[in-house]
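Q: what's the 3D shape of this:
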Amino acid sequence: MKQIISTALLILSIWSCAQEKPTNYRLVGGPCEGCEAIFEYGERNLTSIDTLPDFNEKGPKIKISGTVYQIDGKTPAAGVIIYVHHTNQDGYYPPAKDAQGWGRRHGRIRGWMKTNQAGQYEYYTLRPAPYPGRTDPMHIHYTILEPNGKYYWIHDVVFKGDPRLKDYDGSIARGGNGLVELKPQGNLLVGNRDVILGKNVNDYER
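A: Numbers count the residues shown, from 1 in each chain. Down below sits the predicted model:
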């Protein structure tokens, strides 16, 4: 009996250690309010595809997909976690009733993906609305967590043809060009947003 209890305690100890946040996670690229939200996926088994909570509601349905590359811009990067969040169809970030952590600020429309062996990811959601009474373009926020523990924000997805979007220069965008052109495909609007790890991210190599 003692041996059974000892074995159970050992398994519980190993499980508890596995749930703890690894100590090698490191924020790079300067301050980032809310980047810690990338760790809030809980017990989910992340895959390269996610459907955000708003997808079956009224609004323009979109699919965003892309490939994440190493800093050379050519080699696909597997195992990279991508966190996205955006406004609802009224331009706000309403939280879920049971929201915890950054979910209280980022709202309920958020999701996490983990790139596959080809570096690919995709997600389904509604095109976000702009902030009411402001000139900011429609956008989707991105945070990146690399397998080596580096995490940081990259520039938002923004949409070609948005009249609020002015003077966008994708060449200086963190993570590469975030300008997405949505094209009809069935009942969806489909766009591509590739990511280059570390591109235009300060102190990335330190």
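
Q: is the most centrally placed residue in the chain bridged to anything, and to what?
A: Centroid-nearest residue in the chain: Tyr83, 1.8 Å away (criterion: CA atoms, centre = their mean). Taking DSSP bridges as the rule, Tyr83 bridges to Trp112, Thr143.

Q: check the gap between Ile109 and Val80 for me.
A: For Ile109, the distance to Val80 (CB to CB, to the nearest Å) stands at 21 Å. From N, CA and C alone the C-beta is placed, and that goes for glycine too.

Q: the residue nearest to the centre of the chain: what's it in contact with?
A: Neighbouring residues of Tyr83 by CB atoms under 8 Å, 6 or more residues apart in numbering: Ala37, Ile38, Tyr41, Arg110, Gly111, Trp112, Tyr142, Thr143, Ile144, Leu145.

Q: what ranges do the helices span in the protein?
A: 2-19, 103-106 (DSSP state H).

Q: buried sites along the last one?
A: To tie it back to what came earlier, the one meant is helix 103-106. Going by neighbour count (16 or more other CB atoms under 10 Å), the buried part of helix 103-106 is Gly103, His106.

Q: what comes into contact with that helix?
A: By CB under 8 Å, 6+ apart, helix 103-106 touches Gly34, Ala37, Glu40, His85, Tyr93, Pro95, Ala96, Arg110, His141.

Q: okay if I get these as a markdown table plus pLDDT?
A: Below are these laid out as a markdown table (pLDDT from 0 to 100):
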| residue | pLDDT |
| --- | --- |
| Gly34 | 97 |
| Ala37 | 98 |
| Glu40 | 98 |
| His85 | 98 |
| Tyr93 | 98 |
| Pro95 | 98 |
| Ala96 | 96 |
| Arg110 | 98 |
| His141 | 98 |
